[in-house]
Structures are given as structure tokens and as C-alpha cells.
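>>> fold the following and give me the result.
(chains A and B)
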Amino acid sequence: MRHPRHFPVQFAPWLTKGRGQFIFRDRRIRFRCDYFPYVEPGLDTSVSCMLCDGTGCRLCGDTGWLEAIPGGMVHPQVLRNYGIDPDCYTGFAFGAGPDRIAALKYGIDDIRRFYTNDLRFLGQFN
Amino acid sequence: MRVPLSWLQAYVDITLPIAELAERLTLAGLEVASIETIGLPGAELPWDTDKILVGEIVEVKPHPNADRLVLAVADYGADEYETLVTGAPNLFPYKGQTGLRLKIAFAMEGASLYDGHAEGKKLMQLKRTKIRGVPSRAMACSEKELNLGDDHSGIILLPDDAPAPGTPLTDYLGDVVLDLDLTPNLARCFSMVGVAREVAALTGAKLRLPDTSMIAEGELADDQVKIVIQDPDLCNRYSATIIRDVTIGPSPFWMQRRLTMAGMRPISNIVDITNYVMLELGQPLHAFDYDLLLERARRSGHDVPTIIMRRARPGERMTTLDEVDRELASDMLMITDTAGPIAVGGIMGGAETEIHDDTRNILLESANFDFINNRRTAQTLKIPSEATARFGRGVPASGTVPAAQRASDLMRTLADGVIAEGVADAYPVKQPIVTVELPVSEVERILGIAVPQDEISRILESLDFTVAHSGDMSTVTAPQHRLDVTIPADLIEEIARIYGYDRLPTTLMSDELPPQRSNVELEIEEQVRDVLAGAGLQEVITYSLGNLPAYAKLTPGGPEPNPDDYIRLANPLTPEREYMRRTLMTSLLETVRDNLRFQERIAIFEIGRVYWPREGETLPEEPRHLCIAMTGSRTSHFWHGGETEALDFYDLKGVVETLVTRLNLANVTFAPANHPTLHPGRAATLSTADADAGVLGEVHPDVCEAYGLGNRRVRLAEFNLEKLLATSGEPVQMTPISPYPAVYEDVALVVDEALPAAEVQQAIVTAGGRLLCRVQLFDVYRSDQLPPDKKSLAFSLTYQAMDRSLTSDQVAKERQRMIRRLERQIGAQLRE
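Just a heads-up that it's a prediction; the model follows:
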């Protein structure tokens, strides 16, 4: 028998805060409404800018925050497309590109560095 | 989108400090990317409130010592007037006049401004000086000097209704502009009213919509233009008004300023009004010269212009108002008349019918277009514009008539126009009214908190939804401007974001997680990485896309790569990244080359997929490959001294053998190989269980040359990871250890030069008998003393039994038997 699974938006802060704090230690985290095609409501988890600690700089566009983890409640049509009844199940989605998270955590100024393979860059992370 | 608060305030009161307003908007989904302050404290160039003021020129006199300069007597609110010395050309017409009331931006000595004559922005302080003999300690500023714009061709002339002389300029022109980064679902916020509505919903302030009525005095619009929509799937509404007897001129200061602050350039009153209303209400408009349309109509035998919305015909062309002659495709929606195309619908008007300085009569278009088609056409023609930024995201058809009326009435008040009666309107496909049934329980199911029904109503009504309750069910009707709301989840997002995501409590997940299964493929891949990194190599990740000339370098002098052997990208961003790789060697050699600029010793590897198209199939084969490249000295220069030798083939082989050992791969054999990229005689294949898994060796000098590696010696290996790891996964099984002593012997064998040592070793193992438990090659000797084409291989042998100690006689017998067998099998001779 199907057991309804509920993942209300409230899990978002717990899940992402937990992961976020694990990755980002003492940086601040905030949640805001955002838009991504496969979720509704959408949720963005932002982390305080590591360069300026939230005061505003070029990296964060003077806002003090960097978007880190997109997510939200899975759009009911997406669930339907995969044969899951949205009236029975809800789903919570979140995810982030490891390159972006690594860039945020280690203060890397340009994400393309991961692919240009300058050994002077790669060699710093042993 | 740039939102100047001075403009936004016309539609909603700003009751919060700016930083807090920006934060609330951002948290609710309207991301404020930046806040630009003009003139006010915190601005890039703040205007000193004591020194930069509104002034008024009362008299302009010629300069006694210079023809190109004038003296302007200015009232700046002090007891005495100040005489300014200026070369501003826009004051010359007033030379010799008194009793003037020209309002200016006045700056007193000590004011910080940008230097109008410098390149870019250079800060300077206004100092007391003499200009051609006349003392000067104040000035009238240009746009550039105040950081209001780039213009330094003349001084700013403020409108007559600017505040009294002496008022700090910040009070009049100081502003804050919010730059909003709007996601695709926020089409409704691409207008001042749209943003104002959000601010009202978030702060509880009241929204003030602009008056969209028009005072018409002319003949019926329907008698002066006909509208035909031939392709209603691409254009579902076309509304038009007619305004006669306009006078083209500059638009008023307040409109120019709002447009400039919002990022658009003022051009002339009519064009500015269309842009202004587009920014205000979000409905793009276009103005045609009505007389030119009438001329075209008469040319084709009609009395009045007929505007026809249709797809372009094959071969049709049109010159857009940026003077570019464009070829049109058959899926482009064109605004045409009986003589041909007059505009690309919702994107750009045609040059032939555009407004010009002598235009007297206007046909004003306010229409709606299919958003996907509009976006695609804009991309094909490469014409991004403010209009298609809006149409391309979806504009409600219900907005055409109010916007047309608003703009027409502005043309009446600002350009003396006479508006024709009524709006000509063709509306074949009506915008549906959307109703959504929202159970209160659904809100709780998704958000996890029980939002009371009246709170739901309050939030949705503040966004212009209408809500009716019936028990637990709310029937919500979406306002016409909300094209994005169709299902309960959409409403729940509205409720959550206005309620405040930050107010949602956090909960722990109280359910059980399903049992986790391991991903063996990934785990082994990680093991490979760990082993190689542990061996001192650096992992790299290179791009999967490359180009044929780069791949061709792997086989210099060979045939050109066949494009059919590669997966090709249909729309590459650059020709360098057009074909998917079939091997990792190219990008690894390029990485070696690029890093040789900075370091001498390089040892890298990559694990990545390669792509081989399959005959008759859409999807390619995508095996994982492992590629290793090494060059340079074996160790870095060390203070301890000693020669540092170069990394050679055996270093590479050592790394590969380490991998084999650590992953416990069985049945691995090496054999000499022939590979076009590798130096013949210095290449080997690796096989597992008789399947060829890859090659290793020294890169052919021609290949090194082709990749710009000069005469460097580079070792390269590439393996198919699936084949290499085919025999992994079995745990090591312990072999018994004998408690009895072993006997150690060395033997040197003279064999043919061409015989690989591995084969000789294998032969010894086979011929050596049960008691031989270890064979190790420790010397390779070549000299003239040996017969020609022969070499001597020295092996140390270990004999041991599990159940007894061995005597030297027993070992000698085994050894002699082995040597006889070796003589027979591989022609080996014992070296004395």
C-alpha cells in the first residue's frame, strides 16, 4: 500500500542549512524565492559572500550574497511525467554544481579554472 | 530592469528604507542585483548639499576678452548673484538678454565633480580661478560633471518648474535606481506598475494605477484604418489609435529623465512616449507615420491603410529602422499593409514608415504576439530589444487598449495631438480567464504550515487575485496580467513568497530513508583516482569538445580525420569546440604543452568519456577512458644533490603496474605495440584476459612537434577503463606462507635481443617447477662479448617448499631441469 510522503518546503532550511553549514562553516545562509523550471515553489539558498563577508564587492555584485543551492518543490507536472501521482506524493528538490560549491568554498575567482588545467591552480588543492 | 525610485513612487509609496525594500523584493523573488545612487549620499559621486544647488540664470552677457565665452549672472538663493564664466553653446542664443529664467545645476567652489574634459570619470574639486581675465568661482554643470550621463556638449537646462534657486540639487534630481534581475517567470514585472504592485503587496502600501483614459476629439479611428489578422495563432490581438496634427519635438524634462534613469535614450516626444508607456505598463507600442501609410495604401488602390498581420512570404525583404535590409523567413510574423511589410511584429519597425521630424499624423500600434515565435524570430534576426524582452516572455492581450489610450493621451498633452475617436481593435483569440481551485489543505501539504483562509485571501487579493471561499476550498481567479498562474502550486508559491520564506519554520525529516545502494562503477573509478594521485599524479578535467585539426595532430603525415567518425555539434559556439573527442590524448598533450610554460615536470591523468558514433544508431558509444601523460625529470631538483634523470617509459609502466596491483587486476600482460601516436619500439599494449585494454609508450617525435612540444620526450598512456577494470573486484585471496627457509639463486640467461623480458620471465615461471616461487629480473646486459643480436638477462630466483627445508642438491636439480627446458623452448643459454 502506498504511504504518502510529504516533503513540505520547511524541510528546505533543514536540509540545505545542514549541508550548507557542513560546506560553508561560519558563513551565513539565507533562503529566498527564486525561479527554476522544474520546481514550484522555487527556493534558492544563498551564502554570504566570502570575499567581502556580506558588505558588498565585485564578486557578489555588491549584494553581499552568492546563490549557492537552487531547489524547491518538484513541479506536479514533472512528477506526473515520471508516473508519480502528485496528489499522493510531493517531492523536494535541491542540488548544486560541485564546481560552483567548490568555487564558493575555496574562494576561487573564476569557475573556468577547473577546466583550463593550469597546474599552478590545481596544485594548490592537495 | 532598472527601476528609478523617483518614478516608482508615482505608483506606490515607499515606506521602507531602501536597503530593506531591496531585501524584501529579493527574498520574494525579484532579485535586486544592484542599487545605484545618484547624487544622494552613498552615490559614486555624491552632490554636496551646500555646494550643488538649483540655480537660475537671469542675464547672459558677452565675455569681454573671449568670443567663445559668455558671462551668466546666476541666482543661487544667496543675497548676491554670482557671475559664471562658461563656453556652453546652448547659452549663446541668449547673449545680451536680461530678465531670463533659465534654471541650471549650479556648483560653487569646493564642490566635487567629474572633470567634463577628461576621458572617463576623473574626480576634481571646483576651484576659484580666472578665465580670460574674469574671476570665476562657480559654474553651471553638464550631465557628465554630475555623473548624470555622458553629455558634455552643453550645460543642463532644467525645466521652468524646477525648484527655487538655492534648493540642493539632491532634492530635485537625487535618485536611487534598483537594478532588478528578473527571472523568466516574472514577465509581469518588466514595468514600473508591475514592480509597484509587488512593492504594494509586500509592504501593505496602496497601488496607484496611472489614468488610462483618453480625450478624443477627432473622427472615428475605425474609419481611418482597417485591421486584418490573417495568422491569429501568431498575433492574437491588434489595437490601434490615430493621433493627428502632432508637433515633433523633444519630450519634457521629467519624461526624459525617467527614461534615462531607466536606461533608455530620449529621442523625440512621440518615440519617447511609446517607450515611456512600455516601461510604465509593460506593453510595447509602435508609432507609424500615418501619412506614409496612406500613401502606400493609395499606391495599391485603397482609400485607407489596411494593416494585415501575416507570416512573411518566401523571398520577402524589409529594411528595418536600423537601416539593415533583412531577408524574412516564412515563420516570422510581419505587420504589413497592402503594399508590403511595414514592421517585424513585436520586434522592430520598418524604416519606410517610421516617425521623422515632419511627421504630423500617427498610427499607434498596441498589439500582442505569440511569445515563443517572437523570441525565436528575434534570435534569428539577432535583434534583441526592449519590446521583445517583454513579448518574448509573455504580455497579456488585455493590456493593449489601456496602453494605447494612455500613450495617445500623452501625445495629446505633450505633442498637441488630436486623438481620433475610439480604438480600432481586432481581437480574434480572447485571453481566457483563469480560475484555480485551491484547497486549504493543499497549502498546508506543500508548505507544512496551516495558513488561515483569511490570510490566504489577504495575500492573493493584494496581488489582484479575487478569492471566494466555500468550506475548505478557495476559488481563485487570476488577474489578466498573470499569465503564469494556472495550477494550485503557482498560487502556493505566491502565498509562500509574500508570507515570507524566512518565516517558514524549519522541520526535521521524520521519515526513514530508503536503504542506500552502492555504485560499484563509481567506487572503482574513485579508487583509480586515489591510486594515481597517491602515485604523485595530478588529475585534470578537459573539455569533451575539440576540433579536427587538433585531433589530426595525433597522426601527423597520416590521413585527415574523417568528420563522419565524430559526433558533431550542430551549433558550435566556436569552431575550436565543434567535434566530440574520440580520445583523451589530444587534450592531455595540449595541457602538458600549456603547463610547460610554468613548470618543467608534469605528471597528469584524466578519467573521462570519449564518444564514438555508431552506425545506424542515434546515440554514440561512450566508454570511459583513462589517459596518463608524463614528462620532465623524475624528481624535482633537490638540495641533497645528485643527477635528476628524466621520467622514462619504465616510470610510466611503473605507474600502470601500481594501478594493476592496487586494484588487484588479474591476467594483465604487456606486449610490444604499434600505435601511430607512439614511438615504434617504445610502445606497449596492455591486455586483461586477452582483451586489448590500451597502450602506453613514448610519444612519437612528429606528434610532439605537431603539438608544440618541440623535442621533449613525453610518455603517454590511454586505456579503456571498462576493459582495464574488467577483472577487478575480486578480493585478494591469501596465499599460504611457508615456515621453512628458502634458497636464493641468481641465473643469467643469454637470449635473442628481440625476445621481451616478460616472455623470458613467463617461460622461467612455467619451466621452473613447483618449488620456484619468485622470479625477479635485476639486470639487462649487452656487450660486444656476447654474440651479435643477443642480450643477457639476470634473474634472482627463490625456491621454497611448504612442507620441508630444501637441500642444495634438490634445488640444483630443479635449476638444471629448468635451464634445459628454457634452452628448448626459447633458445636461452646459461651465461657462465
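>>> pull the residues that contact stretch B:150-169.
B:39, B:47, B:49-50, B:52-56, B:74-78, B:86, B:88-91, B:101-106, B:116-117, B:140-146, B:148, B:171-172, B:252-254 (C-beta atoms under 8 Å, 6 or more residues apart in numbering or on different chains). In this view, the C-beta of every residue, glycine as well, is placed from N, C-alpha and C.
>>> which of the residues in it are buried?
B:His152, B:Gly154, B:Ile155, B:Ile156, B:Leu157, B:Leu158, B:Ala162, B:Pro165, B:Thr167, B:Pro168, B:Leu169 (16 or more other C-beta atoms under 10 Å in any protein chain shown).
>>> make JSON lines out of those residues and add secondary structure and pLDDT.
Below are these laid out as JSON lines (DSSP: H, G, I helix; E, B strand; the rest coil; pLDDT from 0 to 100):
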{"residue": "B:His152", "secondary structure": "coil", "pLDDT": "89"}
{"residue": "B:Gly154", "secondary structure": "coil", "pLDDT": "91"}
{"residue": "B:Ile155", "secondary structure": "coil", "pLDDT": "92"}
{"residue": "B:Ile156", "secondary structure": "coil", "pLDDT": "91"}
{"residue": "B:Leu157", "secondary structure": "strand", "pLDDT": "91"}
{"residue": "B:Leu158", "secondary structure": "strand", "pLDDT": "91"}
{"residue": "B:Ala162", "secondary structure": "coil", "pLDDT": "90"}
{"residue": "B:Pro165", "secondary structure": "coil", "pLDDT": "94"}
{"residue": "B:Thr167", "secondary structure": "coil", "pLDDT": "93"}
{"residue": "B:Pro168", "secondary structure": "strand", "pLDDT": "93"}
{"residue": "B:Leu169", "secondary structure": "helix", "pLDDT": "93"}
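>>> next, format those residues as CSV and append distance to B:Gln125.
Shown next, in CSV, are the buried residues of stretch B:150-169 (distance: C-beta to C-beta, whole Å):
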residue, distance to B:Gln125
B:His152, 18
B:Gly154, 23
B:Ile155, 19
B:Ile156, 20
B:Leu157, 24
B:Leu158, 23
B:Ala162, 25
B:Pro165, 23
B:Thr167, 22
B:Pro168, 18
B:Leu169, 17
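>>> list just the nearest of those residues to chain A.
B:Leu169 (24.6 Å; C-beta to the nearest C-beta).
>>> quick check: closest non-adjacent residue to the closest one.
Spatial nearest neighbour of B:Leu169, excluding adjacent residues (C-beta to C-beta, 6 or more residues apart in numbering or on different chains): B:Ile52 at 4.8 Å.
>>> residues near that neighbour, how many?
26 (other C-beta atoms under 10 Å in any protein chain shown).
>>> would you mind measuring from it to B:Val85?
18 Å (C-beta to C-beta, to the nearest Å).
>>> now swap in B:Thr486 and tell me
Distance from B:Thr486 to B:Val85, by C-beta to C-beta: 66 Å.
>>> comparing those two, which residue is more hemmed in?
Neighbours per residue, other C-beta under 10 Å: of B:Thr486 and B:Val85, the larger number sits with B:Val85, 22 against 14.
>>> check the secondary structure at that one for me.
Of the three states, B:Val85 takes strand according to DSSP: H, G, I helix; E, B strand; the rest coil.
>>> so it sits right up against B:His63, yeah?
Yes: between B:Val85 and B:His63 there is a contact under C-beta atoms under 8 Å: 6.6 Å.
>>> who touches both of the two?
Counting by C-beta under 8 Å, 6+ apart, the residues touching both B:Val85 and B:His63 are B:Leu69, B:Val70, B:Leu71, B:Ile131, B:Arg132, B:Val134.
>>> and for B:Thr435, the neighbour number?
12.
>>> so how far is B:Leu178 from it?
From B:Thr435 to B:Leu178 the distance is 34 Å (C-beta to C-beta).
>>> with B:Val73 instead?
40 Å.
>>> those two: who's more crowded?
B:Leu178 (22 against 16).
>>> so for whatever helix or strand that one lives in, mean pLDDT?
In the assignment (DSSP states H and E), B:Leu178 maps to strand B:175-181. For strand B:175-181, the mean pLDDT works out to 94.
>>> any idea which helix or strand comes after it?
By DSSP H and E, the next helix or strand past strand B:175-181 is helix B:192-203.
>>> against which helices or strands is that following helix packed?
helix B:5-8, helix B:18-27, helix B:269-281, helix B:453-462 (3 or more C-beta pairs under 8 Å, 6 or more residues apart in numbering or on different chains; DSSP states H and E).
>>> what lines up beside the helix or strand that it is followed by in the sheet?
Once helix B:192-203 ends, the next helix or strand along the chain (criterion: DSSP H and E) is strand B:216-220. Strand pairing for strand B:216-220, using DSSP bridges, gives strand B:418-421 (parallel).
>>> name the element the closest residue to B:Glu143 other than its chain neighbours belongs to?
What sits nearest to B:Glu143 in space, not counting adjacent residues and going by C-beta to C-beta, 6+ apart, is B:Gly149, at 3.7 Å. When elements are defined using DSSP H and E, B:Gly149 is found to belong to no helix and no strand.
>>> find me the pLDDT at B:Gly149, would you?
81.
>>> that one: neighbour count?
Other residues close to B:Gly149 by other C-beta under 10 Å number 14.
>>> my read is that it contacts B:Thr260, right?
Yes: assessed by C-beta under 8 Å, B:Gly149 is found in contact with B:Thr260 at 6.3 Å.
>>> return the subset of the contacts of stretch B:150-169 lying in strands.
B:52-56, B:74-75, B:86, B:102-106, B:140 (DSSP state E).
>>> and of those, the nearest to chain A?
Using C-beta to the nearest C-beta, the ones in strands among the contacts of stretch B:150-169 come closest to chain A at B:Ile52, 24.7 Å.
>>> distance check, that closest one against B:Gly174.
B:Ile52 is 10 Å from B:Gly174, by C-beta to C-beta.
>>> now the common contact residues for those two.
With C-beta under 8 Å, 6+ apart, B:Ile52 and B:Gly174 have common neighbours B:Gly39.
>>> dump the ones in strands among the contacts of stretch B:150-169 into a markdown table; add pLDDT as well.
Listed next are the ones in strands among the contacts of stretch B:150-169 as a markdown table, based on pLDDT from 0 to 100:
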| residue | pLDDT |
| --- | --- |
| B:Ile52 | 94 |
| B:Leu53 | 94 |
| B:Val54 | 95 |
| B:Gly55 | 95 |
| B:Glu56 | 95 |
| B:Ala74 | 94 |
| B:Asp75 | 94 |
| B:Thr86 | 91 |
| B:Leu102 | 93 |
| B:Lys103 | 94 |
| B:Ile104 | 94 |
| B:Ala105 | 94 |
| B:Phe106 | 95 |
| B:Ala140 | 94 |
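>>> reformat the residues you listed into TSV and put distance to B:Glu578 next to each item.
Below are the ones in strands among the contacts of stretch B:150-169 laid out as TSV (distance: C-beta to C-beta, whole Å):
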residue	distance to B:Glu578
B:Ile52	56
B:Leu53	61
B:Val54	60
B:Gly55	62
B:Glu56	65
B:Ala74	65
B:Asp75	68
B:Thr86	59
B:Leu102	62
B:Lys103	60
B:Ile104	59
B:Ala105	55
B:Phe106	61
B:Ala140	58
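>>> right, I'll call it a day here.
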